[in-house]
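> Could you look at this predicted model? Sequence included:
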Amino acid sequence: MVARIDRRFERLAAERRAALVAYIMAGDPDPQTSLDLLKALPAAGADIVELGMPFTDPMADGLPIQAAGLRALKAGQTLRATLAMVAAFRAGDADTPIVLMGYFNPIYVYGVEPFLRDARAAGVDGLIVVDCPPEEDDELCLPARKHGLSFVRLATPTTDDNRLPAVLANTGGFLYYVSVTGVTGSATPDFDSVGQAVARFKRHTSLPIAVGFGVKDASSASAVASVADGVAVGTALVEALRHSLHDGKASALTVPAVIALVEELARSVHGARKSPGRQDKYGQ
């Protein structure tokens, strides 16, 4: 059976379109609003959802996503509640891929095998765990693959051709290119460099390449979509949510504010038709 992530990229490749990968923090600003937002993302144009697992020490994240995680934790979000959130989403959506993104500590505390079993049962498709390097694949990556979960790895501007084989060895679903040096939302990428990096990765793998960590608006999303297989947006969505809050709580504007931005980004990403000249296993 073809995995949901693979099916989604195959369909978009046939349409010569990039995927919009939308990130939200599970439980931000509260569990019910977060679930309502998650359920609304696919209809707004999100092709893949990255669902953040809140953690107290998110070393790769900038201040907006750090704050989102703290709001979620304050509202009582746990890893178990995050898996329940995925299961509730799956009750109405069997097609949209969901990738959990976060750090190893909450998974370790949960227990690796119980977590992987429960994640798979809930309907999770993949994991992005930023503090699990290839040298530690036995800890989580390989067990995840045995449970049928894709382990999405990050590559950065400093990932050279000597390091790349180790990064790609057990990667599944797609390769996530961190287009800027630094934490999430810290800078705007150099789009010429992004195109060069994607082309270089394509020489080493047939996996789709999604680009994130610097895409802030429709213009930058369109520019990235013209050269990459996926465009990941997180900080901009988290900030749209934050600006909609009233005294730190969800307002009637919270879900509509985020969805409006997702719709705008989706129009830009899906409208950036990709060149048919580049070929990989998805025909892109």
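Received the coordinates, thanks. Numbering: from 1, shown residues only.
> Grab the nearest non-local neighbour of D217.
For D217, ignoring the flanking residues on the chain, the nearest one in space by Cβ to Cβ, 6 or more residues apart in numbering is A236 at 6.7 Å. C-betas here are computed from N, CA, C, even on glycine.
> Using the three-state scheme, assign L20.
Judged by DSSP: H, G, I helix; E, B strand; the rest coil, the three-state class of L20 is strand.
> where along the stretch 1-150 of the chain do the helices fall?
4-14, 31-44, 63-74, 79-90, 104-110, 112-122, 141-146 (DSSP state H, counting those that start in this stretch).
> which parts of the shortest one are buried?
Along helix 141-146, these residues count as buried under the neighbour rule (16 or more other Cβ atoms under 10 Å): C141, P143, A144, R145.
> same check, this time on the fourth one
Residues L79, A81, T82, L83, A84, M85, V86, F89, R90 are the ones in helix 79-90 that count as buried (16+ other Cβ under 10 Å).
> And the fifth one, by the same measure?
Judged by neighbour count using 16+ other Cβ under 10 Å, the buried positions of helix 104-110 are F104, P106, I107, Y110.
> follow-up on the earlier one: could you tell me how many residues sit around the residue nearest to D217?
23 (other Cβ atoms under 10 Å).
> The one 3 residues further on now?
The local packing of E239 (other Cβ under 10 Å) involves 20 other residues.
> you'd agree it is up against P64?
Yes: contact criterion Cβ atoms under 8 Å: E239 and P64 qualify, at 5.2 Å.
> coming back round to it: just put the buried residues of helix 79-90 in a markdown table and tack on distance to D57 and pLDDT.
What follows is the buried residues of helix 79-90, written out as a markdown table (distance: Cβ to Cβ, whole Å; pLDDT from 0 to 100):
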| residue | distance to D57 | pLDDT |
| --- | --- | --- |
| L79 | 15 | 98 |
| A81 | 19 | 98 |
| T82 | 17 | 98 |
| L83 | 21 | 98 |
| A84 | 24 | 98 |
| M85 | 22 | 98 |
| V86 | 23 | 98 |
| F89 | 27 | 98 |
| R90 | 29 | 98 |
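> Let me know the closest of those to S219.
Ranked by distance to S219 (Cβ to Cβ), those are led by F89 at 30.0 Å.
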